[in-house]
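K.L.:
Mind looking at a prediction? Sequence and model below.
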Amino acid sequence: MNQEQVKQKLLQLEKVDVDFTVTFSGKRSKKVDGLYYPDRREMIIHNRNFVDDNQLMYTAIHEYAHHIQFTKSNAPVTTRSHANYFWNIFHSLLYKAESMGIYKNIFDTNDEFKELTARLRNDFLSKNGLLMKEFGSLLIQGRDLCMKYGVSFEDYLDRVLQLHRSEAKTIIKTFSMDINPKMGYENMKTVARIRDDHLREEIQEAFLDKNKSPDMVKAEINPKREFPSRLSYLESEKERIERSLDRLTQQLAKLEREIDNLKKERL
């Protein structure tokens, strides 16, 4: 597969308004499989790193996700280029590439991977989620005992269990909200933080969907704000900075008054 063929496959996944180039370095790299240069809209792929086209396409899709990330946003892209916004784009492209036959997912077809995945999901992720849910029920018992004997539940958490209060609150929610342990405790924590019952149920179902990664689900909870134009972003940013300046000006005036009062007291 040559550079132009790779580009055409990427464009099948998603059309973009800003053109880009795909360049095979012809080299092997121990550090990275590919790079994206946003200033010149170029993907560099170290094609000698791969033993087949499927591996190469995975890297190409990764770099294409960066191209979409940098060119579709009217707001500046954070220097943390691998933030949640990127992973949402990348994983969405991967799932689409698999459905179109552009990329083959070995995890779903290889017997060794399938066996390991089943064990990890059933014997560890699900069991850990269930264990933490039962933990939440016991913490509720502890809270009830503290109320019965008129002592501080927070003190019991801090000094006896040595468990942070915010973490204990989340664990309790996994039980009281009856969150499905099959998604694993990390994802259960995310669901437990959602107050709206309807949204929480939707997000729980999304986590149980095997065609969505946690980053894709989190993007649904906190979608990145989109600006229709560069001008709208700049105007919004100007308003934000003006509000910050007003707050800082008020804080500065308060500090100056306190300093003046303290100086007068010393006289």
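P.N.:
Yep, that arrived. Numbering: from 1, shown residues only.
K.L.:
When you work out contacts or count neighbours from here on, use the C-alpha atoms and nothing else.
P.N.:
Will do.
K.L.:
any idea which element residue 29 lies in?
P.N.:
Residue 29 is part of no helix or strand, with elements assigned from DSSP states H and E.
K.L.:
Am I right that it is in contact with residue 47?
P.N.:
No. Between residue 29 and residue 47 there is no contact, the gap being 9.1 Å when judged by C-alpha atoms under 8 Å.
K.L.:
Compare those two (neighbour count), which wins?
P.N.:
residue 47 (24 against 14; other C-alpha atoms under 10 Å).
K.L.:
got a list of what the more buried one touches?
P.N.:
Contacts for residue 47 (C-alpha atoms under 8 Å, 6 or more residues apart in numbering) come out as 24-28, 33, 56.
K.L.:
at 10 Å what do you get?
P.N.:
Residues counted as contacts of residue 47 (C-alpha atoms under 10 Å, 6 or more residues apart in numbering) are 2-3, 23-29, 33-34, 53, 55-56, 59-60.
K.L.:
Can you say which of these are buried?
P.N.:
Among those, those scoring as buried are 23, 33-34, 56, 59-60 (criterion: 16 or more other C-alpha atoms under 10 Å).
K.L.:
how about the nearest residue to residue 122 once chain neighbours are set aside, secondary structure?
P.N.:
Nearest in space to residue 122, with sequence neighbours left out and distances taken as C-alpha to C-alpha, 6 or more residues apart in numbering, is residue 182 at 7.8 Å. Under DSSP: H, G, I helix; E, B strand; the rest coil, residue 182 falls in the helix class.
K.L.:
picking up where we left off before, can you list the buried ones among the contacts of residue 47 in a markdown table and add pLDDT, secondary structure and distance to residue 73?
P.N.:
A markdown table is the format used below for those (pLDDT from 0 to 100; DSSP: H, G, I helix; E, B strand; the rest coil; distance: C-alpha to C-alpha, whole Å):
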| residue | pLDDT | secondary structure | distance to residue 73 |
| --- | --- | --- | --- |
| 23 | 97 | strand | 24 |
| 33 | 97 | coil | 25 |
| 34 | 96 | strand | 22 |
| 56 | 97 | helix | 26 |
| 59 | 97 | helix | 22 |
| 60 | 98 | helix | 20 |
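K.L.:
now, which of those residues sits nearest residue 257?
P.N.:
Using C-alpha to C-alpha, residue 34 comes nearest to residue 257 of the buried ones among the contacts of residue 47, at 56.8 Å.
K.L.:
Distance of that closest one relative to residue 66?
P.N.:
Computed as C-alpha to C-alpha, to the nearest Å, the residue 34 to residue 66 distance reads 11 Å.
K.L.:
Please apply the same query to residue 38.
P.N.:
8 Å.
K.L.:
confidence score at the residue nearest to residue 122?
P.N.:
Residue 182 is assigned 94 on the pLDDT scale.
K.L.:
That one and residue 131 touch, don't they?
P.N.:
No. Counting by C-alpha atoms under 10 Å, residue 182 stays clear of residue 131, with 11.1 Å between them.
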